[in-house]
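1. Got a predicted model here, sequence first, then my questions.
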Amino acid sequence: MTLATCLDHPGLHPGEEGLPDALADRGIDPRVAAWDDESVDWSEAGIVVLRAVHNYAARRDDFLRWTRQIPKLLNNADVVEWNTDKHYLRELGERGMPTIETVWLEPDAGLTKHQVHTRFPSLGDFVVKPAVSSGARDTGRFTARDAKSRMEAIQHAYRLLQDGRAVMVQRYVQSVDERGETALIYLNGVLSHTVEKKAMLHGPLASPGTVSEELVGAREATEQELRLGELARAAIHGYIKSRMGRDAQLLFCRIDMVDGDNGHPRVMEVSLVDASLYLGTTENGLENFADAIASRAFW
């Protein structure tokens, strides 16, 4: 079997360095290979598990073509295509999953800078990011209280639109600064562990894409978070079934959520492709993931 990374980041996610040895202990002969390495014969790759494929957003078309040639890809190639464009949040929101309110700016709408401007919040901080991105790349936090920041937001969004990229505009959730984000990590449909992530985006006067080092620690999920996790998974699998005509088991699923203005958690992102699973934050994380992969390898 093969753990897929990319030439830009050929190693595994932090905390996954021991994964090949853990898989070998389970009778699997693993290797690590970059999806964009043309010297790799993927017909001999066996089961391929997506790991640190950080550059997929910049090369999405190439990446999706590659996923379709892999007979046994985890997660499924059709699921991957859907999840690599954050319009999936709109679909899941329509299926009842609480999300962050989002204004979508589409490149084919031909918006002027003034029209972009009118779609920004009139008060407070807000976030502008492309619908196809990995991590916090090309993501900026801005404020309506500062004319310079608002102008930079307009220019940033307009550049993305001119490049043919759809743009998301979301009000910045202040609870992120106070309590961070929560990520629920499911492996083969079972909750493995929960982590708390500190805010990554700098203040609204920083340049787009300026992020802090990710600080993550394990903790127990609250009952509200667990309920939202199950609601989100029901929406995800309902959509997968409608899209593919059948449900699909997900090897890994990370659901990121924050506390909304009313104190109830809302989903910020569902990661099924380039998801750091923060295995090093919990004692059994690495073993759980190795077990999950092994159960699929010997399915």
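-> Received, thanks.

2. From now on I want contacts and neighbour counts done on CA atoms only, so please keep to that.
-> Fine.

3. so is the spatially closest residue to residue 260 that is not a sequence neighbour in a helix, a strand, or just coil?
-> If the residues on either side of it in the chain are set aside, residue 260 comes closest to residue 266, at 6.0 Å by CA to CA, 6 or more residues apart in numbering. For residue 266, the secondary-structure state derived from DSSP: H, G, I helix; E, B strand; the rest coil is strand.

4. any idea how far residue 266 is from residue 228?
-> 8 Å (CA to CA, to the nearest Å).

5. hey, what's in contact with both of the two?
-> 97, 98 (CA atoms under 8 Å, 6 or more residues apart in numbering).

6. helices or strands up against the lowest-mean-pLDDT helix or strand in the chain?
-> Taking mean pLDDT, DSSP states H and E as the measure, the helices and strands of the chain show their lowest mean at helix 175-179, namely a mean of 83. Under the contact criterion of 3 or more CA pairs under 8 Å, 6 or more residues apart in numbering; DSSP states H and E, the helices and strands touching helix 175-179 comprise strand 252-259.

7. For the strand it packs on, name the packing helices and strands.
-> helix 175-179, strand 181-187, helix 223-244, strand 265-271.

8. go with 7 Å
-> Packing contacts for strand 252-259, counted by 3 or more CA pairs under 7 Å, 6 or more residues apart in numbering; DSSP states H and E, involve strand 181-187, strand 265-271.

9. buried residues in it?
-> For strand 252-259, the neighbour count (16 or more other CA atoms under 10 Å) marks 252, 253, 254, 255, 256, 257, 258, 259 as buried.

10. what is the mean pLDDT for it?
-> Throughout strand 252-259, pLDDT has a mean value of 96.

11. Please shift the residue numbers so they start at 692 in all later answers.
-> In the new numbering, first residue 692, that becomes strand 943-950.

12. Report pLDDT for residue 902.
-> On the pLDDT scale, residue 902 is placed at 50.

13. pLDDT weak spots in the stretch 842-990 of the chain?
-> Along the stretch 842-990 of the chain, the parts satisfying pLDDT under 70 run over 890-905.

14. Against residue 949, how distant is residue 706?
-> Separation of residue 706 from residue 949 (CA to CA) stands at 24 Å.

15. for residue 917, same thing?
-> Taken as CA to CA, the spacing of residue 917 relative to residue 949 amounts to 13 Å.

16. Nearest residue to residue 822 in space, please, no chain neighbours.
-> Setting aside the residues directly before and after it, residue 822 is nearest to residue 777 in space (CA to CA, 6+ apart), at 4.8 Å.
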